[in-house]
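S.K.: coords please:
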Amino acid sequence: MLVALSFLSCSTTRVLQEGEFRLAKNKIIITNDKDFNPNNLNDYLQQKPNSYFIFGWNPFLNIYNWSNGKGRGWDKFVQKIGVAPVVYDSELVGMSVSNLKDHLKYIGYYGSQVESRIEVRNKKVEVTYLVTIGKRYPIKDIVTILPEKGDFPEIFMADSSQVTIKKGDYLSEELLEAETVRAATAMRNQGFYKFNKNYFFFEADTLSVPDSAILQMTVNEYTRNESPEDSEPIRKFRFNDVTISYPSSLKIREKILNDLNMIIPGEEYSERLVNNTYSRLSSLSIFSSINIGMTQKDTSLVDCSISLSQSKMQGFKVNLEGSTNSSGLLGISPQLSYYHKNIFRGGEWLNLSFMGNFQFKPKEDIHSNEFGVSASLSFPRLFPLPYRYFKGNIPRTDINLSYNYQNRPEYTRNIISTSYGYNGNVRNRFFYQAYPLQLNIVKLYNLDDNFYSSLANDPFLRNAYQNHFDLGSGCTLYYTTNPESVPKESFFYTRLQFDIAGNMLRAFNPLMKKDSNGSGMIWNTPFSQFVRGELTIGRTWIFGKRGGQAIATRILAGAGYAYGNSQILPFEKHFYGGGSNSLRGWQVRTVGPGLSPMDNSFVIPNQTGDMKLEANIEYRFKMFWKIAGALFVDAGNVWTLKDDGGEYGKSSMFRIESFGESIAANWGAGLRLDFNFLILRIDMGIKVHDPAREKKWVRPDQWFKHDGYAIHFGVGYPF
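M.R.: Numbering: from 1, shown residues only. Below you'll find the predicted structure:
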């Protein structure tokens, strides 16, 4: 607070010269239409004031004004850290007035008036723009005039049902521009290679019918930059010669490139074929750039040249995450990956990954180790279908194999997994993964007798720590409005994951050897039979100057159910909460299920359930340089769905009457280091409602005591 007060007491105009003023605020007022949002005009102002953090305060603006004017080391230091004040420029105000008028005319407000008013106080300037928006004209009728020669008029009119300008729409340059772009693209897809939006001419009659416009749309045989003497018939074109070139250092089978290329000599020109060829070649992910150029050969033919530049074919990736909580448990998770994007000279991807997860308590003999290795091959096609069945992005066929070793104080577990499936996307918005074959084999060794005996009163957990064999199918469907890894605009996404296993094996159950529970076995291991689904829905609103603020939300619901040959879900399919991407007031796997207290059978926590519900909200804001902050609230838990008769069977189950009481909730704050392509973060989550405690609500004086908070390190946003 003392530092903040010192910032507030310091001048923000000290460095200004005589006759200079700091632009403190811009304000736009719409004088004649309360429904028009003035914020829509902010982008058209030529000069904008410094951004503020809260209540008009920017501490780095104050720091800049600590300069003593000597230009030496101190001045350079505070100027590097601080933010210079925006010096008011009257010429830019005049340009802003013109910009506002032009934009209002562009969106259909004709005759708008804009007036600027300047208020000066203590070397600070506030500019107010008084905007009187002009008149709008609904379109009463549309007249279309086309060239009379050739097949263009007939093809153009066949597309008339797709025209976006309708009677009743308000006349605007924005509306006309959008339609010319759409129509020109449609005509180029019909073979008219040279046709573009500049062939359109518009006239609007606003006098014949009061308060309305009669629109005349003319397509001429010359562009707006030409004269009638330059007229040429609007003709169709065909592809002539097609050449593909790439560096000699790129080792790739030419058949792959020819199969992906949809531009065939002799076929009618279509911009869609050009774009689809670009998308198909891009899906190989082995080119740093793809250039497809067209050269007109004569009045009806175009030559096509496809130039490919090689990207980096192989490399390594290193990832390291760490976490800790108030109980003193530390976690370190390193990962090393190797990739090759053209292993068999046909755009095949090879990925090898090595990972570890180490948890321990310093000065205590408590630790767990996990090691994993995985390999995957991805082929640029959907076996056994040929390329011609796909017009745009090509789906890929994936083969995955992994081994995971877990050594905990209570047991040692080995997991072997393999899968075969497909992945792809539609228009870079809808992404899918489908695995008709998923196999997991889990073997446990060195199971601690005392630990296993302690589970005698909890059949749910006891059955979870047994060998099992999973054979089934699964899929993941993902839709997003912004596929960028770090989106800069508001976006929505949803993800559905679904797994089912054991049904096919169940048909052979009468022929199988049985265990003591009557479950069918393969290789002396019971096979699992279950269904599991998980749905995630998220939305992030990005706002503020230069997108400096955001509110991110997420809700998640998942459940799994074992039946037939199984009494419980395989342990790997259980749900858990806590950690850097979940309930951040808890360490991973330390919350739930339901109202259950911590199971002390585990030296390192391992709380799981059959069902999960979670909701998160996070406010993100830029601070300075590449540093950003966050405030967040997380709520949710995991539950069991069956009463296994164990010690905590009732308290761990999902029940409507105890739902509110069993919700775990935390608030917290975090810092992010934003490199645009990479985000490093640290979050501190503080418990406010803990269902495992006798007194569920956590008082503020307990927030920073033992088991009242957790600290997480992570890469990327949590959601």
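
S.K.: hey, where'd the helices end up in the stretch 601-719 of the chain?
M.R.: Using DSSP state H, counting those that start in this stretch, the helices assigned to the stretch 601-719 of the chain run over residues 649-652.

S.K.: show me the shaky parts of it.
M.R.: 601-604, 644-649 (pLDDT under 70).

S.K.: what segments of the stretch 501-650 of the chain are strands?
M.R.: In the stretch 501-650 of the chain, the strands defined using DSSP state E, counting those that start in this stretch lie at 513-514, 520-522, 525-526, 530-543, 549-562, 611-624, 627-639.

S.K.: out of the ones you listed, which gets nearest to residue 714?
M.R.: strand 627-639 (11.5 Å; CB to CB). (Glycine included, C-beta is placed from N, CA and C.)

S.K.: adjacent strands (with direction) for the closest one?
M.R.: Each strand paired with strand 627-639, and its direction, by DSSP bridges: strand 611-624 (antiparallel), strand 664-674 (antiparallel).

S.K.: nearest to residue 273, out of those strands?
M.R.: Residue 273 sits nearest to strand 664-674 of all those, at 39.9 Å, using CB to CB.

S.K.: list of residues touching that closest one?
M.R.: Strand 664-674 is contacted from outside by 486, 577, 583-586, 591-592, 620, 622, 626-637, 679-691, 709, using CB atoms under 8 Å, 6 or more residues apart in numbering.

S.K.: mind listing what residue 428 touches?
M.R.: Applying CB under 8 Å, 6+ apart, the residues near residue 428 are 393, 483.

S.K.: re the thing from before, among the contacts of strand 664-674, the buried ones, what's the ChimeraX command?
M.R.: Those of those that count as buried under 16 or more other CB atoms under 10 Å are selected in ChimeraX with:
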select :577,583,584,585,586,591,592,620,622,628,630,632,633,634,635,636,637,679,681,682,683,684,685,686,687,688,689,690,691,709
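
S.K.: Three-state assignment for residue 250, please.
M.R.: Counting by DSSP: H, G, I helix; E, B strand; the rest coil, the backbone at residue 250 sits in coil.

S.K.: centre of the chain to stretch 306-316, how far?
M.R.: Distance of stretch 306-316 from the chain centroid (CA atoms, centre = their mean, to the nearest Å) equals 25 Å.

S.K.: just use 15 as the starting number from now, easier for me
M.R.: Will do, 15 is the new start, and the previous item becomes stretch 320-330.

S.K.: avg pLDDT for that stretch?
M.R.: Stretch 320-330 shows a mean pLDDT of 95.

S.K.: compare the strands paired with strand 641-653 and give me the one nearest residue 81.
M.R.: Comparing the strands paired with strand 641-653 by CB to CB, strand 625-638 comes nearest, at 17.1 Å.

S.K.: the helix or strand hosting residue 258: which residues count as buried?
M.R.: Assigned by DSSP states H and E, residue 258 belongs to strand 252-259. For strand 252-259, burial by neighbour count (16+ other CB under 10 Å) applies to 252-254, 256, 258.

S.K.: need the contact list for residue 544.
M.R.: Neighbouring residues of residue 544 by CB under 8 Å, 6+ apart: 513-516, 574-577, 580, 583-584, 587.

S.K.: let's see it at 10 Å
M.R.: 484, 486, 513-517, 574-580, 582-584, 587, 624 (CB atoms under 10 Å, 6 or more residues apart in numbering).

S.K.: list only buried entries from the residues you listed.
M.R.: Using 16+ other CB under 10 Å, the buried ones in these are 484, 486, 513-517, 574-576, 578-580, 582-584, 587, 624.

S.K.: show me these that map onto helices.
M.R.: In this view, the buried ones among the contacts of residue 544 that belong to helices under DSSP state H are residue 517.

S.K.: helices of the protein, start to end?
M.R.: Under DSSP H, the chain gives helices at 16-23, 73-78, 87-95, 104-120, 166-172, 187-202, 268-274, 285-296, 463-468, 473-478, 517-520, 663-666.

S.K.: and those, which one averages the lowest pLDDT?
M.R.: helix 16-23 (a mean of 47).

S.K.: quick one: closest of the strands of the stretch 515-664 of the chain to residue 271.
M.R.: That would be, of those and by CB to CB, strand 544-557, which comes in at 38.0 Å.

S.K.: mind listing what that closest one pairs with, with the direction of each?
M.R.: strand 505-515 (antiparallel), strand 563-576 (antiparallel).

S.K.: residue 287: neighbour count?
M.R.: 19 (other CB atoms under 10 Å).

S.K.: repeat for residue 331
M.R.: Other residues within reach of residue 331, judged by other CB under 10 Å, total 11.

S.K.: what residues are up against it?
M.R.: Residues near residue 331 by CB under 10 Å, 6+ apart: 349-353, 365, 367.

S.K.: let's go with 8 Å and repeat that
M.R.: Taking CB under 8 Å, 6+ apart, one finds 349-353 in contact with residue 331.

S.K.: just the buried subset of the residues you listed, please.
M.R.: residue 353.

S.K.: now render the contacts of residue 331 as JSON lines, adding pLDDT and distance to residue 96.
M.R.: Shown next, in JSON lines, are those (pLDDT from 0 to 100; distance: CB to CB, whole Å):
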{"residue": "349", "pLDDT": "93", "distance to residue 96": "39"}
{"residue": "350", "pLDDT": "95", "distance to residue 96": "41"}
{"residue": "351", "pLDDT": "96", "distance to residue 96": "41"}
{"residue": "352", "pLDDT": "97", "distance to residue 96": "44"}
{"residue": "353", "pLDDT": "96", "distance to residue 96": "43"}
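
S.K.: report the distance from stretch 448-466 to the chain centre.
M.R.: 33 Å.

S.K.: again, but for stretch 210-225
M.R.: Centroid displacement of stretch 210-225 relative to its chain, using CA atoms, centre = their mean, is 42 Å.

S.K.: in the stretch 115-264 of the chain, which spans are strands?
M.R.: So, for the stretch 115-264 of the chain - with DSSP E, counting those that start in this stretch - the strands run 127-135, 138-146, 153-159, 214-219, 227-233, 252-259.

S.K.: using TSV, lay out the ones you listed together with mean pLDDT and distance to residue 403.
M.R.: Putting these into TSV (pLDDT from 0 to 100; distance: least, CB to CB, whole Å) gives the following:
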stretch	mean pLDDT	distance to residue 403
strand 127-135	94	56
strand 138-146	95	55
strand 153-159	96	38
strand 214-219	96	37
strand 227-233	97	37
strand 252-259	96	22
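
S.K.: can I get these in CSV including distance to residue 179?
M.R.: As requested, the strands of the stretch 115-264 of the chain are arranged in CSV below (distance: least, CB to CB, whole Å):
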stretch, distance to residue 179
strand 127-135, 27
strand 138-146, 27
strand 153-159, 6
strand 214-219, 10
strand 227-233, 7
strand 252-259, 31
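
S.K.: neighbours of residue 563, just the number please.
M.R.: With other CB under 10 Å as criterion, residue 563 counts 16.

S.K.: and the spatially closest residue to it that is not a sequence neighbour, how many neighbours?
M.R.: Of all residues not flanking residue 563 in the chain, residue 635 sits nearest, at 4.9 Å (CB to CB, 6 or more residues apart in numbering). Residue 635 is flanked by 16 other residues according to other CB under 10 Å.
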